[in-house]
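**Student:** Predicted model follows, preceded by the sequence.
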Amino acid sequence: MTSIAESEIPLVNGRVQPHAAPRYLLERGFPEQAILEVGWRVEPLGSRHLLYGLPSEAAAALVWVIPYPHRNRNVAFERVRLIDPVDLERFGGDKYRGPKGRRTALYDPYHALAGPLDAVLLIEGEANAVAVHMMQPELAVLCLPGHALTDQMAEELGHVPVAFVRIDRHDKGADAIAERIARLLQSAGVEEVRLLPEAAGLDANDALREFGAEDAWVAVNEMLEGAQLLEPDADGREEWAVMPKPALPPFPLETLPVELARFVEAIAVETQTPAGLAAVMALGTLSAAALGTAVVDCGNWEEELALYLLVVMPSGDCKSAVLRSVVAPLYKLEREWREAARLTMRHQRTRQETLQARKGKLVRKAGGTEDFAERAAAESELDDVATELDKIGEPVTPRLLPDDATPEVLAGLLAKHGRLAVLSPEAPLIDNLIGRYDPKGSANLHLVCKAYSGVVTAPCSTRAGRGGVGHGGCELGLAPLTSRS
């Protein structure tokens, strides 16, 4: 079937003209109100060409812009479709493009996932999803862009009792694609998965344009009624029990101080992430800032102000961006500490070297003289030099935020700095604690268990006289965000 871009949009010298571009959506059978409702636009790509991996020449290309809504009803990102056949030939690749580095997501223009669902239709193509909604607004319909369904998408649908899957049969390997999607849904917990049959060569958008919403729905409804039930995969493997998925309440932002709650909300909107992500990271940052300043009296025991927090999210969910914004004040503080300590440390090292040289001379003098009074005077001065060296100690550049460190290294860092906070978008510390470098894979949790309660620890050291890390200086603020599921 010839596309509208090739036949029904006027061309001049083989190119789509800007004044005719809005007709592209209207001629596909979508009324203006439906277009406005989902936020579709037709416009030049402009400076966004880099975002979609296109050359600078693509800035003038007309594209159909398809906003993908976030669960909070803001726009998460926008997918675009090159309209002009000349542009498709010039730039190559797929006619649909998403932002570089952005993971694929379900297209849910009517926020079906925000409420309880009895059934859902998964269909390829954003236009098809909107077309089916126009035919039957009561049916929850989602789009699988490029018939790509990830494990995370399937998990989002695990609570739905019935799912219908419709893949264009003219696509190469369509049957295998449809079954793979259906199996993923079954694994995620969907009780009943049905595959829609061949649709006589017409997709939902074609049917809407040619027959209108009412008549097109008759054909689509017949496909739904004739959908084939996918039987469970009988390969002899024992099925895993489906774990319950309780609906978690939203993070109680009202419990945070007003300014902090506003900050968290702003970060969530800016990064299009759940507010709980920024809120948990903010609590970890505050815990790091408060380490060693107070102790909570719980009656029969005391608690430090250290929090051990762990956020589990899939890869590509903007954890690093959120962490960077929330933890920025601590990195700024650490830099200020290092800058302020630079001159002091220089003086300390210079004085330390002078005293060491003086100590060497006094040792030789005391050991080389036979005069009792002279030796006593040298030894007395040696005591003064040793006392001053002890006061100087080991000049250390201030550090608050280590990252990838073994428990043994952390013990040494705690001995030097007194308090630490591990705030990371990945989980290297967790890997180290559970035995990444241990030949037997044995976990080493002693340090973090002691640090949580502020218990005195005495790391082994080759430097004589270091001793243990005292109570009140042994907090370890641990708040990694991990990509593990």
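**Tutor:** That came through fine.
**Student:** May I have the distance across stretch 72-88, first residue to last?
**Tutor:** 34 Å (Cα to Cα, to the nearest Å).
**Student:** Return the set of buried residues in that stretch.
**Tutor:** 76-85, 87-88 (16 or more other Cβ atoms under 10 Å). Every residue, glycine included, has its C-beta placed from N, CA and C.
**Student:** Let's see which of those end up in helices.
**Tutor:** Among the buried residues of stretch 72-88, the members falling in helices (DSSP state H) are 85, 87-88.
**Student:** Rebuild those as TSV, extending it with pLDDT and distance to Ala261.
**Tutor:** Converted to TSV, these look like this (pLDDT from 0 to 100; distance: Cβ to Cβ, whole Å):
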residue	pLDDT	distance to Ala261
Pro85	86	51
Asp87	87	46
Leu88	86	47
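**Student:** Please produce CSV containing those residues, extended by distance to Arg28.
**Tutor:** Shown next, in CSV, are those (distance: Cβ to Cβ, whole Å):
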residue, distance to Arg28
Pro85, 16
Asp87, 18
Leu88, 17
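**Student:** the strands in the stretch 251-400 of the chain, which residues?
**Tutor:** Taking DSSP state E, counting those that start in this stretch, the strands of the stretch 251-400 of the chain run over residues 296-297, 302-303, 311-312.
**Student:** same question, the stretch 101-250 of the chain
**Tutor:** Under the criterion DSSP E, counting those that start in this stretch, the stretch 101-250 of the chain contains strands at 119-123, 141-143, 162-166, 192-195, 228-229.
**Student:** what about dumping the CA coordinates of the fourth one to CSV?
**Tutor:** In this case it means strand 192-195. The C-alpha coordinates for strand 192-195 follow below in CSV (Å, rounded to 0.1, in the frame of the first residue of the first chain):
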residue,chain,number,x,y,z
GLU,A,192,-3.9,-15.3,29.5
VAL,A,193,-2.0,-14.2,26.3
ARG,A,194,-3.8,-14.3,23.0
LEU,A,195,-2.4,-13.7,19.5
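**Student:** What helices and strands are in contact with the longest helix anywhere in the chain?
**Tutor:** Secondary structure of the chain per DSSP H: the longest helix is helix 319-368. Applying 3 or more Cβ pairs under 8 Å, 6 or more residues apart in numbering; DSSP states H and E, we find helix 319-368 packed against helix 258-271, helix 275-290, helix 372-392.
**Student:** Out of those helices, which one sits most buried?
**Tutor:** Highest mean neighbour count of the helices and strands packed on helix 319-368: helix 275-290, a mean of 22 (counted as mean count of other Cβ atoms under 10 Å).
**Student:** From the chain's centroid, how far away is that helix?
**Tutor:** Relative to its parent chain, helix 275-290 has a centroid offset of 15 Å by Cα atoms, centre = their mean, to the nearest Å.
**Student:** what's the answer for stretch 72-92, then?
**Tutor:** Centroid separation between stretch 72-92 and its chain, computed with Cα atoms, centre = their mean, is 24 Å.
**Student:** Next: stretch 323-343.
**Tutor:** From the chain centre to the centre of stretch 323-343 is a distance of 23 Å (Cα atoms, centre = their mean).
**Student:** swap in stretch 398-407?
**Tutor:** With Cα atoms, centre = their mean as the basis, stretch 398-407 stands 22 Å off its chain's centre.
**Student:** hmm, back to that, and the strands of the stretch 101-250 of the chain: which comes nearest Ala328?
**Tutor:** strand 141-143 (36.6 Å; Cβ to Cβ).
**Student:** Rounded mean pLDDT for that closest one, please.
**Tutor:** The pLDDT scores in strand 141-143 average 90.
**Student:** That strand - contacts with which helices or strands?
**Tutor:** For strand 141-143, the packing partners by 3+ Cβ pairs under 8 Å, 6+ apart come out as strand 119-123, helix 126-135.
**Student:** out of the ones you listed, nearest to Leu106?
**Tutor:** Using Cβ to Cβ, the nearest of these to Leu106 is strand 119-123, at 8.2 Å.
**Student:** Which secondary structure elements does the closest one sit against?
**Tutor:** The contact analysis (3+ Cβ pairs under 8 Å, 6+ apart) places strand 119-123 against helix 126-135, strand 141-143, strand 162-166.
**Student:** Parallel or antiparallel, list what pairs with the last one.
**Tutor:** I take that to be strand 162-166. Take DSSP bridges as the rule and strand 162-166 pairs in its sheet with strand 119-123 (parallel), strand 192-195 (parallel).
**Student:** just to revisit the earlier point, and which of the ones in helices among the buried residues of stretch 72-88 is nearest Glu210?
**Tutor:** Proximity of these to Glu210 was ranked by Cβ to Cβ; the top entry is Pro85 with 21.9 Å.
**Student:** and the gap between that closest one and Lys361?
**Tutor:** From Pro85 over to Lys361 the distance is 89 Å, taken as Cβ to Cβ, to the nearest Å.
**Student:** residue contacts, Glu381?
**Tutor:** Taking Cβ atoms under 8 Å, 6 or more residues apart in numbering, we find Glu381 in contact with Leu362.
**Student:** residue boundaries of the helices in the stretch 1-150 of the chain?
**Tutor:** 4-7, 23-26, 32-38, 85-91, 126-135 (DSSP state H, counting those that start in this stretch).
**Student:** closest to Gln352 out of these?
**Tutor:** For Gln352, the closest of the helices of the stretch 1-150 of the chain is helix 85-91, at 64.5 Å, according to Cβ to Cβ.
**Student:** Now tabulate the helices and strands packed on strand 141-143 in JSON lines and tack on mean neighbour count, mean pLDDT and distance to Asp403.
**Tutor:** Formatted as JSON lines, the helices and strands packed on strand 141-143 follow (neighbours: other Cβ atoms under 10 Å; pLDDT from 0 to 100; distance: least, Cβ to Cβ, whole Å):
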{"stretch": "strand 119-123", "mean neighbour count": "24", "mean pLDDT": "89", "distance to Asp403": "40"}
{"stretch": "helix 126-135", "mean neighbour count": "24", "mean pLDDT": "90", "distance to Asp403": "41"}
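**Student:** Looking at these, spot the one closest to Pro407.
**Tutor:** Distance to Pro407, taken as Cβ to Cβ, is lowest for strand 119-123 among the helices and strands packed on strand 141-143, at 46.3 Å.
**Student:** Show me what that closest one is in contact with.
**Tutor:** With contact meaning Cβ under 8 Å, 6+ apart, strand 119-123 is reached by 112, 129, 132, 139-144, 149, 157, 160-166, 181, 185, 204, 224.
**Student:** Got a quick PyMOL command for the buried subset of these?
**Tutor:** Here is the PyMOL command that picks out the buried ones among the contacts of strand 119-123, judged by 16+ other Cβ under 10 Å:
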select buried, resi 112+129+132+139+140+141+142+143+144+149+157+160+162+163+164+165+166+181+185+204+224
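**Student:** where does the chain dip in pLDDT?
**Tutor:** Applying pLDDT under 70 to the chain flags the ranges 1-22, 147, 168-173, 198-202, 232-246, 404, 452-485.
**Student:** Need the contact partners of stretch 392-409.
**Tutor:** Outside stretch 392-409, the residues touching it (Cβ under 8 Å, 6+ apart) are 288, 327, 330-331, 333-334, 337-338, 341, 345, 348-349, 351-352, 355, 410, 413, 416-417, 419-424, 428-429, 432-433, 437, 444-448, 459, 463.
**Student:** Can you tell me which of the helices and strands packed on strand 119-123 is nearest to Asp215?
**Tutor:** Taking those one by one with Cβ to Cβ, helix 126-135 is closest: 9.2 Å.
**Student:** thinking again about what came up before, with distance to Glu374 added, can I get the strands of the stretch 101-250 of the chain in TSV?
**Tutor:** TSV is the format used below for the strands of the stretch 101-250 of the chain (distance: least, Cβ to Cβ, whole Å):
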stretch	distance to Glu374
strand 119-123	95
strand 141-143	93
strand 162-166	95
strand 192-195	96
strand 228-229	103
